[in-house]
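**Student:** From the sequence below, what's the structure:
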Amino acid sequence: MKKSALNVSVEYAHIYTNNKISKEHELSLNILKKLQAKLENQKQTSSLVILVDDYSFPDPTFDYKKFTLWLSKKGFQPDLIFRESQLIPLCDEVLRKLNNKELYSQLVDYIKTRKYPCSLFIAVWYLLRCGFLEHKSFSKKICASHLINILPISFKPFEDKALEIIASTEFSGVEKQIEYIYIEGRLLA
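**Tutor:** Now for the predicted structure:
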């Protein structure tokens with residue numbers, strides 16, 4: 001395992017650019033507040049990150065400034081807001097590192113017929129946050145050895161596939177450093 005600057009990287013308030021701030025995001029912040037208290041009690045260092053999905057349902061009118069301001073007013077200013085589309089070059093890098101030929105074929109076929117799958121973006125995002133991949137817009141200072149993701153339960157199948165992708169690379173074992181706090185249901189606006 002690579003030595004990271006921080007103990008924990010926490011992802012919260014995941015949002016699609018074609019959505020508005022919802023009850024789901026409020027709930028994510030409530031969970032984050034409890035988690036931060038727990039991490040502080042354990043003397044764990046952490047970073048707060050948000051991945052905005054601007055790829056699956058792109059909407060160029062999404063107001064990043066408004067979203068950031070809302071988070072700040074709630075007391076949960078992220079260390080980084082990252083756009084999913086920024087991960088595309090790293091998706092190709094992870095594809096090249098896959099040692100499971102069947103999984104590689106599935107992913108490449110999916111990309112050829114549709115677009116990059118969520119599970120591949122997730123795998124890349126986690127490897128980036130752990131410091132195994134690099135991106136000029138992602139500071140190594142916020143990488144961590146352990147990841148906690150506050151996400152809707154509806155994301156679980158994609159998360160499971162992402163862990164399978166990670167386990168099929170030279171980074172196998174990293175998936176054991178990833179933890180979830182799932183939000184029940186899918187609470188939109």
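**Student:** Residue ranges in the protein under the pLDDT threshold?
**Tutor:** Applying pLDDT under 70 to the chain picks out residues 1-4, 185-189.
**Student:** Show me where it has its helices.
**Tutor:** Ranges of helices in the chain, per DSSP state H, are 23-41, 64-73, 88-97, 101-113, 118-129, 156-167.
**Student:** Report the inter-axis angle for the fifth one versus helix 101-113.
**Tutor:** So the one you mean is helix 118-129. Here helix 118-129 runs at an angle of 110 degrees relative to helix 101-113 (axes from the mean of the first three to the mean of the last three CA atoms, to 10 degrees).
**Student:** how close does residue 71 get to residue 151?
**Tutor:** For residue 71, the distance to residue 151 (CB to CB, to the nearest Å) stands at 16 Å. For glycine as for every other residue, the C-beta is placed from the backbone atoms N, C-alpha and C.
**Student:** same thing with residue 86?
**Tutor:** According to CB to CB, residue 86 stands 19 Å off from residue 151.
**Student:** do the same with residue 111
**Tutor:** For residue 111 relative to residue 151 (CB to CB), the value is 23 Å.
**Student:** Could you do residue 10 as well?
**Tutor:** Taken as CB to CB, the span from residue 10 to residue 151 is 11 Å.
**Student:** before we move on, what about residue 136?
**Tutor:** 26 Å.
**Student:** Residue 165 is in contact with residue 119, correct?
**Tutor:** Yes. Counting by CB atoms under 8 Å, residue 165 is a contact partner of residue 119 at 6.1 Å.
**Student:** Give me the more crowded residue out of these two.
**Tutor:** Taking other CB atoms under 10 Å, residue 119 and residue 165 do not tie; residue 165 has more neighbours (26 against 22).
**Student:** When residue 111 and residue 151 are compared, which one has more neighbours?
**Tutor:** Remark: of residue 111 and residue 151, residue 151 carries more neighbours, 21 against 15, as counted by other CB under 10 Å.
**Student:** Please tell me how far the more buried one sits from residue 115.
**Tutor:** The value you get for residue 151 to residue 115, if CB to CB is used, is 21 Å.
**Student:** same deal with residue 64?
**Tutor:** Distance of residue 64 to residue 115, given as CB to CB: 22 Å.
**Student:** Repeat that for residue 103.
**Tutor:** 18 Å.
**Student:** Show me which of those two is the more surrounded one.
**Tutor:** Of the pair residue 103 and residue 115, residue 103 is the one with more neighbours under other CB under 10 Å, namely 18 against 11.
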